[in-house]
Every structure is written in C-alpha cells, then in structure tokens.
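K.L.:
quick one, fold the following:
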Amino acid sequence: MFDGQWVNGLMGQWAERLRGKFDLILKSPNPVALSSCAAPLFFILVLFVMFPQSSFSFNIPERFEYDLTWTGVKAGTAALEITRTGNEINIVSTAQSAKWVSVFYTVNDRAESILAKKSSLMFVGKPVNYRLKIREGRHRRDREVIFNSGNKVTYIDHINNERRNFDVPSLIFDPLSSFYYLRTLKLVVGEPVYITMFDSKKVWNVEVQVLRKEKVTLPTGAVDTILIKPLMKSEGIFYKKGAIYIWLTDDEKRIPVKLRTKVAVGSINAVLVGGRY
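P.N.:
Numbering: from 1, shown residues only. Here you go, the predicted structure:
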C-alpha cells in the first residue's frame, strides 16, 4: 500500500505539477524528488527481525483502499492487497492519479511481491519475486528482483536492459513484504525496530522509529494508533527524501490507517477509506 513511494515521491511530483498549473508560489522549486514505488502506497509500507509476535497480526485475504490528498484536495487513490493461492502469497500495491490530475500528469504505478510459504519461518512467507512498474508523466520504470536459493538475488532493469546478481543475508525482504513483516512485530514507544531489505541494488538495515500513541479521526470514526517513522536511505517504498509518518492501529492487526509526508507546500496524506480487513 505504501510503497512510500506513492506517498512521497509520487505525490511530491503531483505537488510540483500542481504548482505550475495553478501558479502556486513556493519557496522551493523542487518539492520532492521522484521515488520509485507507487503503491506501492504505501505503499507502502518496511521491515524487521526483532520480537516477532506469536501469530500473524493480519488476515489473508486483506485489502486497504486510500484517498490521496494534497493540501486538502483529492489527487489520487491507492490500494494495498494481500491474497493467497495455495502456498503462494501475493502482495500488490497500486496508485493512480485522479482524472483531473491525469489531464496534465498521469500516474499509474504498480508493485507486486510474491512470497512462498515456508513451514520453518515464523513470518507468512519468503520473498521469491518483486516487480515494480512505474508510469509518472513521461517517466517509466520497470524493475524486478528474483530471490534465488543460496542467499542470492538477481536484479533486472527491463527498460535499461541491466541484469546483475547480488549476495544477500538469509533473512531478507523486499519493500512490500517488509511492511507486512513490520505489522507482526512488537512495537514499543521509544524502542526502534530493524529489518534487512534489498532495494535499489543494495542491502539495507532499515530502522523504524516508534514515536508515540495517538488518536486519529477517520471517515468511519476515531481510532487509537501508534505512530512510526521509517528511516529509509534507498529509493524504494519509503523514499529517502522527505520524512514519512505511518499511523497503525494500536491493536493486534496493526492496520495502516494513515500516512503523511511533507512537501514544499503543505503535506500529502493517504487516509484509509475502504477495503476488506
């Protein structure tokens, strides 16, 4: 849902286009650099290897639907969904610009993670394939990561015809599956959690800060949440430029009900408005 990309990079680009369209006066001419993983809202979403709970905090199937707004105006929609077919788990994150935005800047982003169920793992499954396809204005991106046996991954750039192999640790996640792993962890205010993730041709040990507990008002009512802040250095789901804040329900499910990132003018918000969970 959150490749934070769709929240941070994607929506930052929309803000930039809107600035030119409506002659907004900004102190900074470049609100946020483009990140790369729409959705992949969230999408999306990071992470870790510490303190797993005794059971999974989320249901399968599960789907989240979000409205994306900039300075109070709806600029797009996003969705994050997990399904199961046999021993295969699919996670898909998408983001699209609203029709009025698409007139001058079309956004259509998709990220997908495929996991294989392993009985020896405490988590729901082990990543086997990750694919990111981006269309943002004239910008295109089509990248894939294949998780091979023997602690190796194959990185493929389908547009630039690049293919490379990398060594990785045995416990490794992609940007989408890492967010679901995060939801299974024990989150204590003031105690950061970490996860090892492969993104942008590198292995990252991502820190996620657990900031505080807050009550958040949604269209469906008020909910108790716990606020986290991923400290990303890659260009994946949670882009390195611009802080990302994620509100998870303060219960077993850890439902991501809200995301926010600041841009040069105002902020971009993703708010949960529907789904199945």
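
K.L.:
go through the helix or strand encompassing Leu132 and flag the buried ones.
P.N.:
Per DSSP states H and E, Leu132 falls inside strand 126-136. Neighbour-count burial for strand 126-136, counted by 16 or more other CB atoms under 10 Å, picks out Lys126, Pro127, Val128, Asn129, Tyr130, Arg131, Leu132, Lys133, Ile134, Arg135, Glu136. For glycine as for every other residue, the C-beta is placed from the backbone atoms N, C-alpha and C.

K.L.:
let me see the contact set for the second one.
P.N.:
Residues near Pro127 by CB atoms under 8 Å, 6 or more residues apart in numbering: Ser113, Ile114, Leu115, Phe147, Ile172, Phe173, Asp174, Ser177.

K.L.:
phi, psi of the first one?
P.N.:
Dihedral angles phi and psi of Ser113 (degrees, to the nearest 10) take the values phi -120, psi 130.

K.L.:
which parts of the stretch 51-200 of the chain are strands?
P.N.:
Assigned by DSSP state E, counting those that start in this stretch, the strands in the stretch 51-200 of the chain fall at 62-70, 73-85, 88-97, 108-116, 126-136, 139-148, 152-157, 162-167, 193-199.

K.L.:
any idea which of these gets closest to Asp251?
P.N.:
strand 62-70 (14.5 Å; CB to CB).

K.L.:
that closest one pairs with which strands, parallel or anti?
P.N.:
strand 73-85 (antiparallel), strand 267-276 (antiparallel) (DSSP bridges).

K.L.:
just want the angle from that strand to strand 88-97.
P.N.:
With axes from the mean of the first three to the mean of the last three CA atoms, to 10 degrees as the basis, strand 62-70 and strand 88-97 are set at 20 degrees to each other.

K.L.:
where does this structure dip in pLDDT?
P.N.:
Low-confidence segments of the chain (pLDDT under 70): 1-57, 119-122, 233-242, 263-265.

K.L.:
same thing but 50
P.N.:
By pLDDT under 50, the weakly predicted segments of the chain are 1-14, 16, 18, 20-55, 236-240.

K.L.:
name the single longest strand found in it.
P.N.:
Scanning the chain for the longest strand, with DSSP state E as the assignment, gives strand 202-218.

K.L.:
centre of the chain to that one, how far?
P.N.:
For strand 202-218, the separation from the chain centroid amounts to 12 Å (computed by CA atoms, centre = their mean, to the nearest Å).

K.L.:
and the helix or strand that comes right after that strand with strand 202-218, angle?
P.N.:
Scanning forward in sequence from strand 202-218 by DSSP H and E, the next helix or strand is strand 221-231. Using the same axes, to 10 degrees, the direction of strand 221-231 lies 160 degrees away from that of strand 202-218.

K.L.:
CA atoms only: put the following helix or strand past strand 221-231 into CSV for me.
P.N.:
From strand 221-231 onward toward the C-terminus, using DSSP H and E, the following helix or strand is strand 244-249. The C-alpha trace of strand 244-249 is given here as CSV (Å, rounded to 0.1, in the frame of the first residue of the first chain):
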residue,chain,number,x,y,z
ILE,A,244,7.3,9.5,6.1
TYR,A,245,4.9,9.0,9.0
ILE,A,246,2.6,6.0,9.3
TRP,A,247,-0.3,5.5,11.8
LEU,A,248,-1.0,1.9,12.6
THR,A,249,-4.0,0.8,14.7
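
K.L.:
packing partners of strand 244-249?
P.N.:
Applying 3 or more CB pairs under 8 Å, 6 or more residues apart in numbering; DSSP states H and E, we find strand 244-249 packed against strand 202-218, strand 221-231, strand 256-262.

K.L.:
that strand pairs with which strands, parallel or anti?
P.N.:
Going by DSSP bridges, the partners of strand 244-249 are strand 221-231 (antiparallel), strand 256-262 (antiparallel).

K.L.:
looking at these, which is buried most?
P.N.:
Mean neighbour count (mean count of other CB atoms under 10 Å) peaks for strand 256-262 among those, with a mean of 22.

K.L.:
hmm, back to that, next, give me the two most distant ones among the buried residues of strand 126-136.
P.N.:
Between all members of the buried residues of strand 126-136, the farthest pair (by CB to CB) comes out as Lys126 and Glu136, at 30.5 Å.

K.L.:
sorry, back to before: just send the strands paired with strand 244-249 back as JSON lines, with distance to Val101 too.
P.N.:
What follows is the strands paired with strand 244-249, written out as JSON lines (distance: least, CB to CB, whole Å):
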{"stretch": "strand 221-231", "distance to Val101": "26"}
{"stretch": "strand 256-262", "distance to Val101": "17"}
